[in-house]
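Sequence first, then the predicted structure:
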Amino acid sequence: MARQTIRGEGHKAEVEFVKLVDGARFSDKSKQGDVIVHVDGKDFYVEIKECHAKKLFHNRCNRR
């Protein structure tokens, strides 16, 4: 799979992230992050920069 970045084709990277990470779902507040990941009973907003098949690179978690 070709590299997807936040510029221009970020949605494809977000879709791949949601496929790779159990419990990840698309964000309801795009200004806080692209997706939400539920960890230890809490939701965390995550901004996706890149997503490669079978690997996860550069992400920034924003506490809700």
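Received, thanks.

which stretches of this structure form helices?
Taking DSSP state H, the helices of the chain run over residues 10-20.

Counting by contacts, list what the lengthiest strand in it packs against.
Ranked by residue count and defined by DSSP state E, the top strand of the chain is strand 42-52. For strand 42-52, the packing partners by 3 or more Cβ pairs under 8 Å, 6 or more residues apart in numbering; DSSP states H and E come out as strand 4-5, helix 10-20, strand 35-39, strand 55-63. Placement of C-beta: from N, CA and C, glycine included.

Was I right to think D28 contacts D43?
No - assessed by Cβ atoms under 8 Å, D28 is found out of contact with D43, at 9.8 Å.

Quick check on those two: which one has the bigger neighbour count.
D43 (15 against 10; other Cβ atoms under 10 Å).

Now for D28 and D43: what residues contact both?
Common neighbours of D28 and D43, using Cβ atoms under 8 Å, 6 or more residues apart in numbering, are I36.

Pull the contacting residues for the nearest residue to V18 once chain neighbours are set aside.
Residue nearest to V18 in three dimensions, not counting chain neighbours: A24, with 4.7 Å by Cβ to Cβ, 6 or more residues apart in numbering. Counting by Cβ under 8 Å, 6+ apart, A24 makes contact with 17-18, 35-37, 46.

What residues sit buried inside the longest strand of the chain?
44-51 (16 or more other Cβ atoms under 10 Å).

pLDDT at Y45, what is it?
Predicted confidence (pLDDT) at Y45: the value is 92.

For it, which non-adjacent residue is closest in space?
G33 (2.9 Å).

What is the neighbour count of that neighbour?
Residues near G33, counting by other Cβ under 10 Å: 23.

I'd say it and F26 touch.
No - using Cβ under 8 Å, G33 is not in contact with F26; the gap is 9.9 Å.
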